[in-house]
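Engineer: Okay, predicted coordinates and the sequence, questions at the end:
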Amino acid sequence: MIRVGCSGWSYSDWEGVFYPRTNNDRLTYYSHFFNTVEINSTFYSIPSEKMVQGWLRKIRNEKNFTFSIKLPRELSHDLVIRNPERAVSYLEAFSSSVIHPIYAENRLSAVLLQLPPYFSTEHMDNLVKLGRKMADDPFHYWVEFRNKNLYDNQEEYNRLMEIGLGIVTIDSPEAKISHIMGKEEAYVRLHGRNMAEWFNKNSDKMEKYDYLYTSEEIREISSLIGEKANEFRDIYVYFNNHPSGKAPRNAVNLMKLLNLPLNHQMHDSLDTYQN
């Protein structure tokens, strides 16, 4: 199955573009149109048990809807680099309170570890230690690199894949998508191609993702995914170009080209916003 969605859903600037201005339940509305979402808020703070149960309750009527969960930055940007033993215990606690309740409801697609640009080859042994712990869990963990020396580093990729970790396929200004990685599954994250802001140290972090893929770019991405559709059991695709509702618009564009089920009401609404 190919699942297409967005990295996050709770964006106020999606109102009037994707969400109706009168809508007060963004996740339920979102789940009517997409069958998956990547939870980005867990990167910034650990949700309460009540919040996790609230997410599950809001999507209970959408039987095929799943979540992918982004691990906290304290783990990905700190502990895995300087304290791998503490990283293991941190992961165990987070998994127990957040991941397992979603997995238990059969609502989990994947778990994402997005590493920072300063994570380099010298830290790989720490990641392998954490990865061995991850291999004990019944769900699949995925690693996203942001260090250019680790893009397409097959030797390091093999080390991780041998212990059961997946490597995220990314599209960004410095790593344009050219193929889909994976074995039985694949995980694709599309960050946009805002070259000017991506490398601008003074840029607001949201501006880095302010990019609307053109129709031609979506066709190219669709072709890459479509070519692999029969090779993978599941492909998870998330648009992270969220400013001003660009992610859901491009997600719909991609779903149309891949001939995935689409709510026509959303299709008609988003088609009023041109590339």
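Structural biologist: Okay, I see it.

Engineer: Can you pull the domain assignment for the chain?
Structural biologist: Following automatic domain parsing, one gets these domains for the chain: 8-23+170-275, 40-167.

Engineer: In terms of mean pLDDT, which of those domains ranks lowest?
Structural biologist: Across those, domain 8-23+170-275 has the smallest mean pLDDT, namely a mean of 88.

Engineer: Tell me how far it lies from the chain's centre.
Structural biologist: 10 Å (C-alpha atoms, centre = their mean, to the nearest Å).

Engineer: closest one to residue 31 among the domains of the chain?
Structural biologist: Nearest of the domains of the chain to residue 31, taken as C-beta to C-beta: domain 40-167 at 4.5 Å. For the C-beta atoms, the positions are set from N, CA and C on the backbone; glycine is no exception.

Engineer: any idea how far that closest one is from the chain center?
Structural biologist: 11 Å.

Engineer: and it, how far apart are its ends?
Structural biologist: Domain 40-167 has an end-to-end distance of 18 Å (criterion: C-alpha to C-alpha, to the nearest Å).

Engineer: what do you get for stretch 30-37?
Structural biologist: 9 Å.

Engineer: and if you look at stretch 228-246?
Structural biologist: 25 Å.

Engineer: before we move on, what about stretch 6-18?
Structural biologist: End to end - C-alpha to C-alpha - stretch 6-18 spans 12 Å.

Engineer: what residues does that stretch touch?
Structural biologist: 21, 23, 26-27, 30, 34, 37-41, 70, 189, 238-240, 242-245, 247-249, 251, 266, 269-270, 273 (C-beta atoms under 8 Å, 6 or more residues apart in numbering).

Engineer: can I get the domains of the chain in CSV with distance to residue 2 and mean neighbour count?
Structural biologist: Formatted as CSV, the domains of the chain follow (distance: least, C-beta to C-beta, whole Å; neighbours: other C-beta atoms under 10 Å):
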stretch, distance to residue 2, mean neighbour count
domain 8-23+170-275, 5, 17
domain 40-167, 12, 17
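
Engineer: could the ones you listed be laid out in CSV, adding distance to residue 1?
Structural biologist: Below are the domains of the chain laid out as CSV (distance: least, C-beta to C-beta, whole Å):
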stretch, distance to residue 1
domain 8-23+170-275, 5
domain 40-167, 8
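
Engineer: Which ones among the contacts of stretch 6-18 lie within strands?
Structural biologist: Of those, the ones assigned to strands by DSSP state E are 37-39, 70, 189, 238-239.

Engineer: Looking at those, which is nearest residue 49?
Structural biologist: residue 39 (14.7 Å).

Engineer: The closest one: neighbouring residues, count only.
Structural biologist: 22 (other C-beta atoms under 10 Å).

Engineer: For it, give me its contacts.
Structural biologist: Neighbours of residue 39 in contact, by C-beta under 8 Å, 6+ apart: 8, 55, 67-70.

Engineer: cool, residue 178 as well?
Structural biologist: Contacts of residue 178 (C-beta under 8 Å, 6+ apart): residue 224.

Engineer: distance of it from residue 147?
Structural biologist: 18 Å (C-beta to C-beta, to the nearest Å).

Engineer: Ok, residue 232 next?
Structural biologist: From residue 232 to residue 147 the distance is 26 Å (C-beta to C-beta).

Engineer: Mind checking what secondary structure the closest residue to residue 35 other than its chain neighbours has?
Structural biologist: Excluding its sequence neighbours, the residue lying closest to residue 35 (C-beta to C-beta, 6 or more residues apart in numbering) is residue 64, at 5.1 Å. Following DSSP: H, G, I helix; E, B strand; the rest coil, residue 64 is assigned to coil.

Engineer: From what I see, residue 64 and residue 31 are in contact.
Structural biologist: No - when contacts are counted by C-beta atoms under 8 Å, residue 64 is not listed as touching residue 31 (9.8 Å).
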